[in-house]
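Trainee: Fold the following, please.
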Amino acid sequence: MQPTTPSNRTPAETPADTPAPAPPARFTLDPAFAVGDVDPRVFGSFVEHLGRCVYTGIYEPGHATADEAGLRTDVLELIRELGVTVIRYPGGNFVSGYKWEDGVGPVDERPRRLDLAWRSTETNRFGLGEYIDFLRKVDGEPMMALNLGTRGVAEALELQEYANFPSGTALSDRRAAHGDKDPYDIRLWCLGNEMDGPWQTGHKTAEEYGRLAAETARAMRQIDPDVQLVACGSSSQSMPTFAEWEATVLQEAYELVDYISLHAYYEELDGDRDSFLASAVDMESFIENVVATCDHVGARLKSKKKINLSFDEWNVWYQTRFQGEEPPNWDEAPRLLEDNYSVTDAVVFGSLLIALLRHADRVTVACLAQLVNVIAPIMTEPGGPAWKQTTFFPFAQASRYGRGRVLQVSVDSPTHETAKYGEVPLLHATAVADEETGEVTVFAVNRDQTRPLPLAVDLHGLSVSRIVEHSVLADADPEARNTLTEPERVTPHAATGTALDGGVLRTTLEPMSWNVIRLA
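Mentor: So this is what the prediction gives:
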C-alpha cells in the first residue's frame, strides 16, 4: 500500500461536523478500452480585444515587468505555467467589425476605431505582428479568426496572403517591410464568430453563412490546400436554431472545413448550486448532439470524412451580472467581465475539463475563454501585480498531466436530483494514460456539496505500483477565492488516506472537490 503525502490543511481548516460519507462510487480502468488520444490543442485559450484582456492584461508598455515589445513578462510566465497551447485571436464578437489592416505597420500610424461589439475604443496598438510575437514568447500556436460579419472572401484572402505567403507579392512584401520577413504560418483559421447570434455584427441566416463559409474555405484552399478551417456552429445548445444551423451550414461546407465550433458558458443561477455543479451534463450533451448532427450530414452526403469539434469558447461566466452593468461609453480597455472565481466555480470548471477529455476522439480543439482579466484564470492590475484565480489550477494540472490516451470511464456512482438536469451522478471522472512515461492520471470531481465520496478504481491491466500524488482543490468555504489582497487564499492541497491495495485505488473525495490522482 502506498499512501499519499500528508494534507497541508491545518485542523482549523477541516470542518469538524463533516456529514457521513455518501455511498461509494467505483469504476474500472483498462488500457484495452480507450476513447482516443488527447490533442494538445484541447488546452487552448482565447485573447480578444475585450475589456482588459489585451491592454493592461498581456500588453502594458511602461509596466515594471514589460519587455521591449510592451508585453508583461510576469503575465507571460503565468501563461507558460498554465500550459496553454493554441490561442484564438482577435475575437470573439470583436472580430465581426475588425479590419486586420488597422493592426499592422508602424504603431503610431494605426487608426483608432469604434468597437461596436463591446462599445469601446480600439487603439490598434496591439495587432497581428504583436500577437505573433506574443505567441512565440509563450510557445503558443496561432488560431486566427476571420471577419465574415462585415467583410468577406476578398479580405480573408488578403489576410492569408499577408500572414502566410513567403514573399514576392504586394501583401507578403508589406509584411516584410513591417519587420517580419518570415511568414507567420498560421494553420488554423476560424471562419467568422457566432454568426448564428442576432447580437453579432453582420449576423446571417444559416443559408447565408453556409454559402459564405464554403466560398471562403474554397478560396483559401486555392492558396493553401492544407489550411485547417473551423466553421461556426451554434453559440449554445439553447439557441432556437441549434442543430438545424449545423446541418444547414455543413450541407454547404462539409467537404471544405475540418471543424465546427461550439461555445458554452455556465453560471450559478438563483442559488441552484446543485444544478451548477452538474453543468458538464449539458456540455457533454451538447458535444454528443453536435457529433450526431455532423455524422448525419456526412452520411447524407455519403462522405467518408469526419468533422471534428472545436469547442473554442468555454468557461464559467456570470453573464447575468454583465447584463446588469452600465454599457461602456466608448472607453479604451474598460473593466469588463472581470469575474472573480470562487472554489465552487473552480470545481465546475474542472468538471468541464473532464467533459472535454471524455470526448477526445472528436473534440480536438478547445479554447478557454479568456486568458487574462476577462473571465480569466489570470488577473492583473495596471502597473501592479498579476495573480492566479482559482480556475488556474485545474487548467494547469489538466494541461500538464492530461496528455496521452483517454481511457473509457463508466462510473458506478450514487446520484442526486438537480432542478435543471434531473438525476446526475455525484462522481464525474476521466483518466489519461501516458504511454511514454507509464503514468496514469485520474481527474475526478465530487459534486456533493456536503458529503465526502468514497471511491474505488480497479486498475485492470495497468502496470502502476505507486501513487505520485493526490492533489485536491476544495475549501470549507465554498465562496473562497483569490483576490488582489489575498492572491493565494485558494491553492491545491494534498489528500490523505489515498492508497493502492491489490490493484485497486482507494480514496475518499472531499465534498465539492476537484481531484488529480497521479499513478506511476
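Trainee: Need the CA coordinates for the helix or strand of the chain with the lowest mean pLDDT. PDB is fine.
Mentor: Across the helices and strands of the chain, mean confidence by mean pLDDT, DSSP states H and E is lowest for helix 319-323: a mean of 86. Written as PDB, here are the backbone C-alpha positions of helix 319-323 (Å, rounded to 0.1, in the frame of the first residue of the first chain):
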ATOM      1  CA  GLN A 319     -23.500  36.700 -17.800                       C
ATOM      2  CA  THR A 320     -26.400  37.800 -15.700                       C
ATOM      3  CA  ARG A 321     -24.100  40.200 -13.800                       C
ATOM      4  CA  PHE A 322     -22.700  41.600 -17.100                       C
ATOM      5  CA  GLN A 323     -26.200  42.200 -18.500                       C
END
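Trainee: residues in contact with it?
Mentor: 265, 267, 269, 336-337, 339 (C-beta atoms under 8 Å, 6 or more residues apart in numbering). No exception for glycine: its C-beta is placed from N, CA and C like everyone else's.
Trainee: Following element in sequence after that helix, please.
Mentor: helix 343-357 (DSSP states H and E).
Trainee: and that following helix, which residues are buried?
Mentor: 343-357 (16 or more other C-beta atoms under 10 Å).
Trainee: Just name the closest of the contacts of helix 319-323 to residue 477, please.
Mentor: Among the contacts of helix 319-323, residue 339 lies closest to residue 477 (C-beta to C-beta), at 17.9 Å.
Trainee: how close does that closest one sit to residue 389?
Mentor: 9 Å (C-beta to C-beta, to the nearest Å).
Trainee: for residue 332, same thing?
Mentor: Residue 332 is 24 Å from residue 389, by C-beta to C-beta.
Trainee: got it, and residue 336?
Mentor: From residue 336 to residue 389 the distance is 16 Å (C-beta to C-beta).
Trainee: For the helix or strand harbouring residue 312, enumerate the helices and strands it packs against.
Mentor: Per DSSP H and E, residue 312 falls inside strand 308-316. Secondary-structure packing of strand 308-316 (3 or more C-beta pairs under 8 Å, 6 or more residues apart in numbering; DSSP states H and E): strand 44-46, strand 259-266, helix 279-300, helix 343-357, strand 363-369.
Trainee: what number of residues lie near the residue nearest to residue 473 when sequence neighbours are not counted?
Mentor: Nearest residue to residue 473, sequence neighbours excluded (C-beta to C-beta, 6 or more residues apart in numbering): residue 514, at 4.2 Å. Number of residues near residue 514 (other C-beta atoms under 10 Å) recorded here: 31.
Trainee: Sticking with residue 514, tell me its helix or strand.
Mentor: Going by DSSP H and E, residue 514 is part of strand 513-519.
Trainee: Report the angle between that strand and helix 343-357.
Mentor: In terms of direction (axes from the mean of the first three to the mean of the last three C-alpha atoms, to 10 degrees), strand 513-519 departs from helix 343-357 by 50 degrees.
Trainee: circling back: return the distance of the least confident helix or strand of the chain from the chain's centre.
Mentor: 20 Å (C-alpha atoms, centre = their mean, to the nearest Å).
Trainee: check contacts around the most centrally placed residue in the chain.
Mentor: With the centre of the chain defined as its mean C-alpha position, the nearest residue by C-alpha atoms, centre = their mean is residue 368, 2.1 Å away. Residues counted as contacts of residue 368 (C-beta under 8 Å, 6+ apart) are 44-46, 84, 314-315, 377, 395.
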